[in-house]
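>>> Dropping a prediction and its sequence here:
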Amino acid sequence: MTYWCNNGWLRRGSAAAGLLAMLAGCAHAPSEPLSSDLSQSAWARTETSADSGGASASSPWTHQTFPGKRATQYQYERKNGRDAVLVRAVSSASMLRQTVRIEPERLGQLRFSWMVPALISAADLAQRDTDDSPVRIVLAFEGDRARFSAKDAALSELSEVLTGEPLPYATLMYVWSNRRAPGSVIINPRTSRIRKLVMESGPERLLQWLDYERDVRADFIKAFGEAPGALLAIGIMTDTDNTRSEAQAWYGPVRHVAVQRKSRTAKVD
């Protein structure tokens with residue numbers, strides 16, 4: 001089966017599997033239960049959090065796999081005294097994802113950490129055939145899909161056919177690039193609705209835990225030039241399917257700290 005997309009044919013099969021990996025931020029690809037050591041680990045139990053403004057025990061982390069793609073391996077490990085997920089990718093792409101619902105006015109700080117031992121030498125996040133990364137933090141957002149271009153509308157329809165969910169209005173990723181400067185915004189070569197904000201560049205900070213605290217609203221505005229809608233999903237993803245290579249990394253817990261609602265106090269005369 002084929003689907004019309006932007007003056008070309010997007011063929012179901014390997015191309016569709018690549019699309020699913022690209023749409024990983026929110027679309028429901030097939031899910032697998034986490035291994036018992038990971039699902040019951042301190043990493044998975046670290047709430048995204050009680051003050052996240054939306055995450056709860058009813059939205060556990062799940063392993064999202066993609067048809068036609070080898071799954072990346074995720075397992076719990078203590079690394080340098082930290083609770084972590086050890087990730088091994090061998091020509092593979094899959095992700096851990098947690099669904100949330102955090103309204104725009106409550107978007108606050110996202111705290112995450114990672115350790116990367118080596119880069120993917122052939123990767124270039126700006127090129128569709130080499131769009132791999134040793135680490136990604138993935139955020140999917142709600143918005144008005146009526147504003148989609150014809151190409152993105154077609155991709156959204158294809159996503160809904162293949163996964164049961166349309167393309168997220170916007171997906172923001174925090175990534176590690178081989179050469180692009182930290183703070184750079186990379187627009188996905190397949191759709192402008194996925195944009196990547198470079199946290200690290202080159203090998204200088206490999207083999208060490210790196211901790212981040214990001215203003216989600218400010219980063220979204222920088223990447224997309226507009227205010228964000230509700231945050232719908234948070235994910236971690238290491239992928240090497242495009243470069244047919246291997247990568248390893250560790251992720252610390254991911255936590256969103258929401259803007260606290262202002263309390264109402266009675267007026268005293």
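That came through fine. Numbering: from 1, shown residues only.

>>> shaky segments in the stretch 101-250 of the chain?
Filtered on pLDDT under 70, the stretch 101-250 of the chain yields no residues whatsoever.

>>> what about the residue lying closest to residue 215 once chain neighbours are set aside, how many residues close to it?
Distances taken as C-beta to C-beta, 6 or more residues apart in numbering put residue 109 closest to residue 215, at 6.3 Å, once the chain neighbours are dropped. From N, CA and C alone the C-beta is placed, and that goes for glycine too. With neighbours defined by other C-beta atoms under 10 Å, the count for residue 109 comes to 15.

>>> Test my guess that residue 109 contacts residue 217.
No - with contact defined as C-beta atoms under 8 Å, residue 109 does not count as touching residue 217 (9.8 Å).

>>> thinking again about what came up before, so the residue nearest to residue 215 bridges to which residues?
residue 215, residue 257 (DSSP bridges).

>>> now swap in residue 235 and tell me
Listed by DSSP bridges, the beta-bridge partners for residue 235 are residue 97, residue 138.

>>> Could you grab the helix/strand/coil label for the closest residue to residue 142 other than its chain neighbours?
Leaving aside its sequence neighbours, residue 142 sits nearest to residue 229 (C-beta to C-beta, 6+ apart; 3.9 Å). Of the three states, residue 229 takes coil according to DSSP: H, G, I helix; E, B strand; the rest coil.

>>> Could you check how many residues crowd around residue 229?
Under the neighbour criterion other C-beta under 10 Å, residue 229 is assigned a count of 17.

>>> That one and residue 129: what is the separation?
Here the distance between residue 229 and residue 129 works out to 31 Å (C-beta to C-beta, to the nearest Å).
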